[in-house]
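Colleague: A predicted structure for the sequence below; I have some questions about it.
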Amino acid sequence: MPKMDGGRVETGERRGPLLPDEDNAERIRHRAHQIWEEEGRPEGRDQEHWRRAAREILGDPDRP
């Protein structure tokens, strides 16, 4: 059985961080849109909003 290790799945080979499943991706998209609206709909900050939303939804394994 694979074990979780800081957001990664260990199966004998190294892979990148887990990608959000479809439900989480939709929740992240929705939250990123909310953040964008809350900040006055600024242009050019979509990736920042997505990362912030992802941290809120999935958690940040590097933060206690």
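Modeller: Good, I have the coordinates. Numbers count the residues shown, from 1 in each chain.
Colleague: poorly predicted segments of this structure, please.
Modeller: Applying pLDDT under 70 to the predicted model, the residue ranges of the chain that meet it are 1-20, 61-64.
Colleague: can you give me the strands in it?
Modeller: Counting by DSSP state E, the chain has these strands, from start to end: 3-5, 8-10.
Colleague: now R27: closest residue in space, sequence neighbours ignored.
Modeller: Leaving aside its chain neighbours, R27 sits nearest to I57 (5.1 Å; criterion: Cβ to Cβ, 6 or more residues apart in numbering). Using the backbone N, CA and C atoms, a C-beta is placed for each residue, glycine as well.
Colleague: check contacts around the one you found.
Modeller: The neighbours of I57, taking Cβ atoms under 8 Å, 6 or more residues apart in numbering as the test, are 20, 24, 27-28, 31.
Colleague: repeat the analysis, applying 10 Å as the threshold.
Modeller: Contacts of I57 were listed using Cβ atoms under 10 Å, 6 or more residues apart in numbering, and they are 20, 23-32.
Colleague: quick check: PyMOL command selecting the buried ones in the residues you listed.
Modeller: Remark: buried members of the contacts of I57, expressed as a PyMOL selection using 16 or more other Cβ atoms under 10 Å:
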select buried, resi 27+28+29+31+32
